[in-house]
Structure formats: structure tokens, C-alpha cells
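Trainee: Show me how the following folds:
(one chain, ligands or ions: 2)
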Amino acid sequence: MSEEKVTTDIITLSRHVLDEQRKHKEASGDLTLLLNAVQLGCKFVATNVRKARLLNLVGIAGGAVNVTGDEQKKLDVISNEIFINALRSSGKVAVMVSEEDEKAIIVEDEMKGKYCVVFDPLDGSSNIDAGVNVGTIFGIYKIKDGSGGTISDVLRPGREMVVAGYCMYGSSANMIISTGNGVNGYTLDNAIGEFILTHPNIKIPKRGKIYSVNEGNAKYWDEPCTEYFNSLKFPPEGKNPYSARYIGSMVADVHRTLLYGGIFAYPADKKSKNGKLRVLYECFPMAFLTEQAGGKAITGRERVLDVTPQNIHDRCPIFLGSEDDVDDIETIYKKHS
Ligand code: AHM
Ligand code: MG
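Mentor: Numbers count the residues shown, from 1 in each chain. Ligands and ions are numbered 1, 2, ... in the order given. Here you go, the predicted model:
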């Protein structure tokens, strides 16, 4: 009788992070516990994204408007609350910054921990009604030595983050995380409710064949940007043009870029002087992951992870992806400076 081989040594996200911590630093388990709270939030959001239409969760929540002026959908509100509650109750967090809250949330002393979490609980939510992939993006800092946890603990360059990641809610929920030693991907096994290691050590190809940008803004681009994207579409004789792919949901566009290579961009333009994407909880985590996967992320003129935000909801332009592709746009910006 043939016996089906069953894997009995499953590598879950918690186990993997704990193993990594043991290898590289002293492992107090604090980060693992904090990431458990993040995982809980992601599992809850994954379930609700899937049920959204069924439960009629999609819709405007009491006319609420978020800090950047977008209409807040019910699912955004719910996802935000889930994360705030899970993170606060972990006892490991001192400061939280969410896209949905104008002010940073300082955790009360009794529950205060050593970490700061910056997050966008449901990025790309304008796509939900069309069933397009959405995601949660997050970054984690450790509070500075001697700090009790203030806003200055998060107004720091992205290179000081200790963890960055996102969870993409699609046909399955995929968690992509870096604790500073490469990038790993985990897929949620709904039956056992655990994220299982499915994409170890993700490396972005050195050069890609895809560009991803909202071409509808081309009219407002600066010269380097126009020159660069034209060079991809009208390459010299003998070279193939790049393919265009733009979902309009950062998590999905970055996910594809990490796996297939190429470039994802949200540049500055004449209408949006700093682009659209938020430094702390959109650009930093994605730049961190891209670099950890062997790629690059720049604003055009500097490394994204070297930006120091002045305010928690600051924006910055971003070009991220395969090293060679990002080098090309960087060269064009240098030529024009
Ligand atoms: P959101 O935080 O309001 O959901 O907006 C962020 C989203 C990103 O996911 C995506 O990359 C970008 O907005 C798309 O913007 P645009 O529609 O201008 O191309
Ligand atoms: Mg967002």
C-alpha cells in the first residue's frame, strides 16, 4: 500500500522568526510575540476581506473621512481597529502610527513595550469593490535607548527599521517579511490558521522586463521620468520594449516586482510634489523589503531608506525594483541635476 508522505515538520512564521532571532541576535521572544499580534490582525483582515461582499461590510462607515481626505470604507475602519487592539494588547508596543489615524497612538504605561509599529491596515482599499488584491503594510522600529516612546521614535530613517513586511490578500493570504536577514514569504493555511514558509529567501532578478507606474500622470512628470519611461517603451534597435503592468494596489504591484523583477514607481509630479505614497508605512517597508531581496529603492535622487520624515504622514516619490532598472533611472536623474 502506498503511503502519502505527510510533512510533519512544518515551518510556521513564528517558528521561523524565533529561529532567525536565535541565529543572529539574542532572542527574548519579544519580537515573535509582537509579530503574533501582526499575524492575528492579518488573519482577521484576510477573513473579512473575503467576506466583505457577503456581509455587506463594503461601504462608507458613517461618512468618516481619513486624514488624507479619502472616504473611509467600513473595512478600513475595522482593519484599523483590529490591528490597534492586537498590537496594544501584545504589551510589546509603545507607539503606533496608522494611515487611518491623524495622530500617533502612544500606548498607556501599563501596556507599553519597546517597539513602534507603523502600518497601513488596508492599502489599496479603493480596489476592493472590484475584487482586486489589497494588503496590509507594516514596519517596526525599536524605541531609542532611554525613550519612553514618543513620536521621535518613528520620525527616523527607514534603514533603522528592525522588521518590515506586508500581507497580501488575494486568492490566498501571503505574508512577506524581513527581519534584516533576507526576505521570506509565508502562505496562510486556512485549515490550521498558520502562516507556513512557502517562499524562503526571495531574491529579486537583477534586471526585469516590466514597468509599473500610473501612466495617466505622464502629463505631469518631470523630464527625467519622461525620458526614462520613454526609453523602456522605445528602446534602441535590437532591444525589446518592457511590458506594462499596473494594478494600482501597491502591495500587489510590489509583490509582482519582487518575484518577477522590473520597476515599480510612484514618482513626484507637477501636481503631487512628493508623489502619493506615504514614507513611513508605505515607502519604507517596501524599500526595506526590496533592498533585502537584493534590489534598490530610490526617490530619484536619494535612497528611500535614508529619508528622515518630518511628519508621520509625509510622502515621498519612489522607484523600486531590480538593481539594474533602478540604476538606469538614477543615472537619468543624475544627468539632469
Ligand atoms: P491608499 O492608501 O489610499 O489605498 O492609496 C495607496 C494606493 C497604493 O496602493 C497604490 O500604489 C496607489 O495608491 C495607486 O495610486 P493611483 O490610483 O494614483 O495610481
Ligand atoms: Mg495606503
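
Trainee: quick one: contacts for Glu323?
Mentor: Residues near Glu323 by Cβ atoms under 8 Å, 6 or more residues apart in numbering: 204, 206-207, 294-296. Yep, even glycine has a C-beta here, placed from its N, CA and C like the rest.

Trainee: gap between it and ligand 2?
Mentor: 26 Å (Cβ to the ion, to the nearest Å).

Trainee: Likewise for Glu4?
Mentor: 43 Å.

Trainee: Could you measure from that residue over to ligand 1?
Mentor: Separation of Glu4 from ligand 1 (Cβ to the nearest ligand atom, to the nearest Å): 41 Å.

Trainee: Out of the contacts of Glu323, the closest to ligand 2 would be?
Mentor: Checking those against ligand 2 by Cβ to the ion gives Gly295 as the nearest, at 20.9 Å.

Trainee: Based on its surroundings, how many neighbours for that closest one?
Mentor: By other Cβ atoms under 10 Å, 28 other residues sit near Gly295.

Trainee: doesn't Gly208 make contact with it?
Mentor: No: counting by Cβ atoms under 8 Å, Gly295 does not reach Gly208; the two are 9.4 Å apart.

Trainee: what's the overlap in contacts for these two?
Mentor: 257, 321-322.

Trainee: want to throw those residues into CSV with secondary structure, pLDDT and distance to Phe234?
Mentor: Formatted as CSV, those follow (DSSP: H, G, I helix; E, B strand; the rest coil; pLDDT from 0 to 100; distance: Cβ to Cβ, whole Å):
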residue, secondary structure, pLDDT, distance to Phe234
Thr257, helix, 98, 22
Gly321, strand, 98, 20
Ser322, coil, 98, 20
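
Trainee: Can you tell me which of those residues has the most neighbours?
Mentor: Highest neighbour count within these, by other Cβ under 10 Å: Gly321, with 31 neighbours.

Trainee: dump the residue contacts of that residue.
Mentor: Contacts for Gly321 (Cβ under 8 Å, 6+ apart) come out as 204, 208, 257, 261-264, 290, 295-297.

Trainee: Let's see that with 10 Å instead.
Mentor: 204-205, 207-208, 210-212, 253-254, 256-258, 260-265, 290, 293, 295-297, 329 (Cβ atoms under 10 Å, 6 or more residues apart in numbering).

Trainee: what about it, distance to Tyr260?
Mentor: Counting by Cβ to Cβ, to the nearest Å, the gap from Gly321 to Tyr260 is 10 Å.

Trainee: Now the residue in the stretch 51-200 of the chain positioned nearest to ligand 1: closest residue in space, sequence neighbours ignored.
Mentor: As assessed by Cβ to the nearest ligand atom, ligand 1 sits closest to Gly124 within the stretch 51-200 of the chain, at 3.9 Å. Nearest residue to Gly124, sequence neighbours excluded (Cβ to Cβ, 6 or more residues apart in numbering): Ser249, at 3.2 Å.

Trainee: correct me, but the residue of the stretch 51-200 of the chain closest to ligand 1 touches Val251?
Mentor: Yes: with contact defined as Cβ atoms under 10 Å, Gly124 reaches Val251; the gap is 6.2 Å.

Trainee: So between those two, which is more surrounded?
Mentor: Val251 (26 against 21).

Trainee: so how far is the host helix or strand of that one from its chain's centroid?
Mentor: In the assignment (DSSP states H and E), Val251 maps to helix 250-260. Computed by Cα atoms, centre = their mean, to the nearest Å, the chain-centroid distance of helix 250-260 equals 10 Å.

Trainee: cool, stretch 137-155 as well?
Mentor: For stretch 137-155, the gap between its own C-alpha mean and the chain's C-alpha mean amounts to 18 Å (Cα atoms, centre = their mean).

Trainee: try stretch 162-179
Mentor: Centroid separation between stretch 162-179 and its chain, computed with Cα atoms, centre = their mean, is 8 Å.

Trainee: in that stretch, what counts as buried?
Mentor: 162-170, 173-179 (16 or more other Cβ atoms under 10 Å).
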